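Colleague: Predicted coordinates and the sequence they were generated for:
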Amino acid sequence: MQERPLEDLLVRITEHTRPNACVLALLGSTGAWNSTALEGAFHDARATGRPLVVDLTGLRFGDEVLLGLLLHAYASPQGLVLLGPVTGHFARRLHLSCVDDLFHTQNTLELALAQLPT
């Protein structure tokens, strides 16, 4: 497990072998002040070659950079599942962007891992 404390955001990357997955947990807020580091964390998670679960349960605020990274991960062949619930400001951002139905969101890590392609 890797843990990166960013300004107002803690990023945890955990690799699972059964099922094969990478979990990227975001705790705190994303914004211009930490977007470069956030992009690096997504890059590192994608570099594992594993399907990606992004845990948003600890997210207080998500900006458009996060939305773009999620859309990019969704389009990747590895697959993407969100762990939620996605609430507050970021849920509204997803809704206003008309992409809230695009993402598979699960309420537990076990369900999220089970949703990934095998």
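Modeller: Received, thanks. Numbering: from 1, shown residues only.
Colleague: Helices of this protein, start to end?
Modeller: For the chain, the helices defined by DSSP state H occupy 35-47, 64-74, 88-96, 109-115.
Colleague: so which of those helices gets nearest Arg18?
Modeller: helix 109-115 (9.0 Å; Cβ to Cβ). C-beta coordinates here come from the backbone N, C-alpha and C atoms, glycine included.
Colleague: Give me the residues contacting that closest one.
Modeller: With contacts defined as Cβ atoms under 8 Å, 6 or more residues apart in numbering, helix 109-115 is touched by 16, 19, 21, 23, 53, 55, 81-83, 104, 106.
Colleague: Buried ones among these?
Modeller: Among the contacts of helix 109-115, the ones that count as buried by 16 or more other Cβ atoms under 10 Å are 21, 23, 53, 55, 81-83, 106.
Colleague: quick one: least confident helix or strand in this protein?
Modeller: strand 2-6 (a mean of 68; mean pLDDT, DSSP states H and E).
Colleague: Indicate which one of the helices of the chain is closest to Val11.
Modeller: Closest among these, once you apply Cβ to Cβ, is helix 35-47, at 4.5 Å.
Colleague: Going by neighbour count, which residues of the closest one are buried?
Modeller: 35, 38, 41-42, 45-46.
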